[in-house]
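# build me a model from this:
(one chain, ligands or ions: 1)
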Amino acid sequence: MRRRDRQLGMGRDITRRDFLSGVNIAVTGSLLATPLAQALAALDGSSGEHSAQMQPGYYPPTRDGLRGSHPGSFEVAHQMRDGVRFDNPADSTDTGEQYDLVVVGGGISGLAAAHFFQKEVGPDARILIVENHDDFGGHAKRNEFHSGGRMLVDLGGTEYIEAPWSFPNAAKTLLQDMGIDVSLARKVFDHDLYSSLKMRSGIFFDEATFGENRLVAGDPGIRHAEQQTAYVTLPAELENGIGDREAVSAFLERTPLSNGARDEILQLFCGDREYLTAYSDEEKLAVLKSISYMEFLSGIVGASQEVLDFFWMWRGSYMGNGLDLTPATAALRYGLPGSAGLGLDVQSQRSPEWQQHSYKEDLHFPDGNASVARMLVRRLIPEVAPGNSMHDIISAKFDYARLDRKDSPVRLRLNATAVHVRHLGDPATAKQVEVTYVQDGNARRVRSRYCVMACYNSVIPYICPEIPDGQRTALGKSIRMPLVSTNVLVSNWKSFHKLGIFSAYCPGSYFSDIRLTYPLQFADYSSARTPEEPITIKMYRIPLSGEGHAAEQFRAGRYELLGTSFEKFERNIRQQLGAMLAEGGFDPARDIEAITVNRWPHGYALGYDHENDQMSYWSEDWTEDQKHWLKGRQRIGRIAIANSDAGARAMTEAAIEEGFRATRELLNES
Ligand SMILES: Cc1cc2nc3c(=O)[nH]c(=O)nc-3n(C[C@H](O)[C@H](O)[C@H](O)COP(=O)(O)OP(=O)(O)OC[C@H]3O[C@@H](n4cnc5c(N)ncnc54)[C@H](O)[C@@H]3O)c2cc1C
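Numbering: from 1, shown residues only. Okay, here's the model as predicted:
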């Protein structure tokens, strides 16, 4: 091992689940008894007859290393993408199982569909959920760590319930059904903890981009905190600096930015320069809607490359992309500078409710919306975990061996990829749907009265051959943004405390956003309160180049994620934390206890116009034709389509709403 790697602690004995590496595994021909199937069976301890999830000790939340879309979860689907079909019944075994509903996809949307179906049909409704990952929840995934006899949980994907007051009816109802009291948002989140320890946001400038490694913490005293989001990653001076020339200037002087770049940034925040002066407000808004914030900076402001480098990942973990893909109007609304020079009140473009919204009304669980998924599963299969409220869900120990029991009306089958879904007969009149899935290398068939496809739109055409051509094309247009959400367990956070930061925006670095876990307190769980305690650090990577069409960037980002080994992620984590926190006494070799990298190659859902390279959230005035997801989600006989792609919105409430719509479509037809 190289000396540098040793110093970083690359040889330290933390668990590494990288057996199959991050590289896309090529699978050809029948999956039965292929080396991949054997490898997966060995990995999961499957005998082939009993699935991995039935084995004692099966508890995926504690797995670390490469998670999210983990090795073993996506290979079968990619095999279909590459042309392999599973439509010959001779290649699969009929299990003889008969259901009222089969749901493909165990994310929030699929679980919500199962919940609404059961609510409508009754507790005896027989439901099977097949999920290709080794855990349920989709993006809403739990990462669980144990250190010094203590359990620490963090979110692997979905963060929180944002603006619950804005949830549509079905989503509101589901939260109520689960007993989720959103009014507790302010109570469970200790908004004073980090500030009481004089910890703030900061910016980390890295040597490769800015010439030296330097962490610049903001001054104490967050102003206008109500307007900020929980993703705060910027010093208050910049977030709220518009007009406060002295504060912004003082902050910039501590950065390694050149004098020219400092002047440009100061001018943007507090200067008197005006932009688009010859335009009316309406015309200005029309221009800003049609360009990205980076285009605003480069084309209208005339910013230098250094300034563009400084800004481009601002709010990356929230938006899921760089500012080259964020509309200028949205970026200005999220606090990026420029509105003053434009003479525009961009906030007034939002509804009065959103103008009033405070991030303190967002409800956080320590494992993010994995708690929602866990509550749904516990409601559907009560014997899987004790308890019955939002207050006991965090510590509730789930017995995965009870997820897929013959005697339970609802079954959840993990590590199972649906590969073929068809009606037994003419879709217009058939009474049955047949669903074939591959689990542990074996293809099996079940029958059902109905099926909800709560997976990704892009995969549905490969699974459902009955889908008409036009709809197939529409489904294929859905894309999702790739991103990486990492949790690093450290033995303490004294270095953060000493440096006076709890989070940092890192323009130019491998991970663009870093923060300590949210300070949360529930009846059965509390996150770390003092810097001496172990804690999880969240690190986000947006794997986009910033160049070219959005769809191309997303595709390249997906490949990057699947082709990056855990070792590379680990080295980058150790290097970045080491460089950023060195002056606080952080030693990556000593302080890091575990790493979980959640890759989400199919992350945020959105609508995309391939002809104009436009993303749906750029514009509220898309024509019905442009909204390809409306055509894509049409019911085909007894098969309905849920999942957040069907609403082209990467939000929990959209996933729930689509699950509700899909079950309604099926039940209204029967
Ligand atoms: C990092 C991250 C952070 C986020 N933060 C927030 C947040 O703070 N608040 C918020 O509201 N939303 C957030 N979102 C968005 C939110 O998580 C999603 O909108 C929502 O959870 C999507 O649910 P879904 O069921 O539609 O899709 P998914 O969660 O993707 O679930 C679909 C499931 O179907 C499975 N599947 C696919 N194909 C098959 C197949 N052939 N057979 C079997 N299974 C299959 C997939 O593997 C997946 O598990 C976040 C998303 C990400 C990625």
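# tally of neighbours for Ala373?
Neighbour count of Ala373, defined by other C-beta atoms under 10 Å: 28. Yep, even glycine has a C-beta here, placed from its N, CA and C like the rest.
# quick one: it and His139 touch, right?
No - look at Ala373 against His139 with C-beta atoms under 8 Å: they stay out of range, at 9.3 Å.
# between those two, what contacts are shared?
Gly107, Ile108 (C-beta atoms under 8 Å, 6 or more residues apart in numbering).
# which bits of the stretch 551-670 of the chain sit near the ligand?
Counting by C-beta under 6 Å from any ligand atom, the residues of the stretch 551-670 of the chain close to the ligand are Trp600, Gly603, Tyr604, Ala605, Asn643, Ser644, Ala650, Met651, Thr652, Ala654, Ala655.
# widest-spaced pair of those?
Using C-beta to C-beta, those span at most 16.3 Å, a distance reached by Trp600 and Ala654.
# and these two? which has more neighbours close in?
Shown here are Trp600 and Ala654; by other C-beta under 10 Å, Trp600 has more neighbours (25 against 22).
# pull out the CA atoms of the host helix or strand of the more buried one and give them to me as CSV.
Per DSSP states H and E: Trp600 is located in strand 592-606. In CSV, the C-alpha atoms belonging to strand 592-606 read as follows (Å, rounded to 0.1, in the frame of the first residue of the first chain):
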residue,chain,number,x,y,z
ILE,A,592,-13.5,7.0,10.4
GLU,A,593,-15.3,3.9,11.6
ALA,A,594,-17.6,3.0,8.7
ILE,A,595,-18.6,4.2,5.2
THR,A,596,-21.8,3.6,3.3
VAL,A,597,-22.0,5.0,-0.2
ASN,A,598,-25.6,5.1,-1.5
ARG,A,599,-25.4,5.3,-5.3
TRP,A,600,-28.6,6.4,-7.0
PRO,A,601,-28.1,6.1,-10.7
HIS,A,602,-31.9,6.4,-11.1
GLY,A,603,-32.4,9.3,-8.6
TYR,A,604,-34.7,12.3,-8.9
ALA,A,605,-37.6,11.8,-11.4
LEU,A,606,-38.3,14.5,-13.9
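# mean confidence score for that strand?
Mean per-residue pLDDT for strand 592-606: 97.
# now do stretch 164-180
97.
# what lies in contact with it?
Here stretch 164-180 makes contact (C-beta under 8 Å, 6+ apart) with 112, 115-116, 119, 161, 182, 185, 353-354, 357, 361-363, 372, 375-376, 379, 388-390, 652-653, 656-657, 659-661.
# repeat that with 6 Å
For stretch 164-180, contacts defined as C-beta atoms under 6 Å, 6 or more residues apart in numbering pick out Ala112, Val182, Met375, Ser389, Met390, Glu653, Ile656, Glu657, Phe660.
# of all these, which comes closest to the ligand?
Glu653 (6.4 Å; C-beta to the nearest ligand atom).
# near the ligand, which residues of this structure?
77, 104-110, 130-133, 138-140, 157-160, 162, 417-418, 454-456, 459, 463, 483, 485, 600, 603-605, 643-644, 650-652, 654-655.
# cutoff 5 Å now
Residues of the chain lying near the ligand by C-beta under 5 Å from any ligand atom: 104-105, 107-109, 131-132, 138-139, 157-160, 417-418, 455, 459, 485, 600, 603, 643-644, 650-652, 655.
# which of these fall in strands?
Val104, Tyr160, Thr417, Ala418, Ser485, Trp600, Gly603 (DSSP state E).
# of those, which is the most crowded?
Going by other C-beta under 10 Å, Val104 tops these with 31 neighbours.
# quick one, what contacts that one?
Counting by C-beta under 6 Å, 6+ apart, Val104 makes contact with Val130, Ala418, Met453, Cys455.
# surely the first one touches Ala418?
Think Val130. Yes - in this structure, Val130 is within contact of Ala418 by C-beta atoms under 6 Å, at 5.3 Å.
# overlap in contacts of the two?
Val104, Tyr437.
# could you list the low-pLDDT ranges of this protein?
By pLDDT under 70, the low-scoring segments of the chain are 15-50, 219-243, 619, 670.
# 50 instead, please
16-49, 219-233 (pLDDT under 50).
# what's the single longest helix in it?
helix 652-669 (DSSP state H).
# phi, psi for the residue positioned nearest the centre of the chain please.
The centre of the chain sits closest to Gly157, judged by C-alpha atoms, centre = their mean, with a distance of 4.0 Å. Reported as degrees, to the nearest 10, the phi and psi values for Gly157 are phi -150, psi -100.
# once you drop chain neighbours, what's closest to it?
Spatial nearest neighbour of Gly157, excluding adjacent residues (C-beta to C-beta, 6 or more residues apart in numbering): His139 at 3.6 Å.
# what about that neighbour, neighbour count?
Using other C-beta under 10 Å: His139 sits among 29 other residues.
# give me the element Glu567 is part of.
Per DSSP H and E: Glu567 is located in helix 566-581.
# got it, and Phe117?
Phe117 belongs to helix 108-121, assigned by DSSP H and E.
# nearest residue to Ala550 in space, please, no chain neighbours.
Leu325 (5.3 Å).
# also Ser503?
Nearest one to Ser503, counting by C-beta to C-beta, 6+ apart, is Arg515 at 3.5 Å.
# any idea how far the one you found is from Gly441?
Distance of Arg515 to Gly441, given as C-beta to C-beta, to the nearest Å: 40 Å.
# ok, which stretches of the stretch 351-500 of the chain are helices?
352-356, 370-380, 460-463, 469-476, 494-499 (DSSP state H, counting those that start in this stretch).
# what is the burial count for whatever residue of the stretch 451-600 of the chain ends up closest to the ligand?
Nearest residue of the stretch 451-600 of the chain to the ligand, counting by C-beta to the nearest ligand atom: Cys455, 3.2 Å away. The number of residues packed near Cys455 is 28, by other C-beta under 10 Å.
# one more: Ala112?
Count around Ala112 with other C-beta under 10 Å applied: 31.
# now it. Nearest residue, chain neighbours left out?
The spatially closest residue to Ala112, leaving aside those adjacent along the chain, is Gly659, at 3.4 Å (C-beta to C-beta, 6+ apart).
# check contacts around the one you found.
Per C-beta under 6 Å, 6+ apart, neighbours of Gly659: Ser109, Ala112, Ala113, Ala642.
# tell me the two of the residues you listed that are most distant?
Using C-beta to C-beta, the two most remote members of the contacts of Gly659 are Ala112 and Ala642, lying 7.7 Å apart.
# highest mean neighbour count out of the helices of the stretch 351-500 of the chain?
Stretch with highest mean neighbour count among those: helix 370-380 (a mean of 25; mean count of other C-beta atoms under 10 Å).
# who touches that one?
So helix 370-380 is in contact with 108, 111, 114-115, 136-137, 140-142, 178, 365, 384-385, 393, 410, going by C-beta under 6 Å, 6+ apart.
# now do that helix against helix 108-121, angle only.
30 degrees (axes from the mean of the first three to the mean of the last three C-alpha atoms, to 10 degrees).
# give me the contact list for the strand holding Trp600.
14, 64, 66-69, 143, 145, 147, 156-157, 320, 456, 480-491, 558, 561-562, 569-570, 615-616, 644-645, 648, 650.
# same question for stretch 448-464.
With C-beta under 6 Å, 6+ apart as the test, stretch 448-464 has contacts from 77, 80, 99-105, 109-110, 113, 418, 421, 433, 467, 472, 475, 478, 602, 632, 638-643, 645, 662, 666.
# then stretch 303-312?
By C-beta under 6 Å, 6+ apart, the residues outside stretch 303-312 that reach it are Thr209, Ala261, Glu264, Leu297, Gly322, Leu323, Pro507, Gly546.
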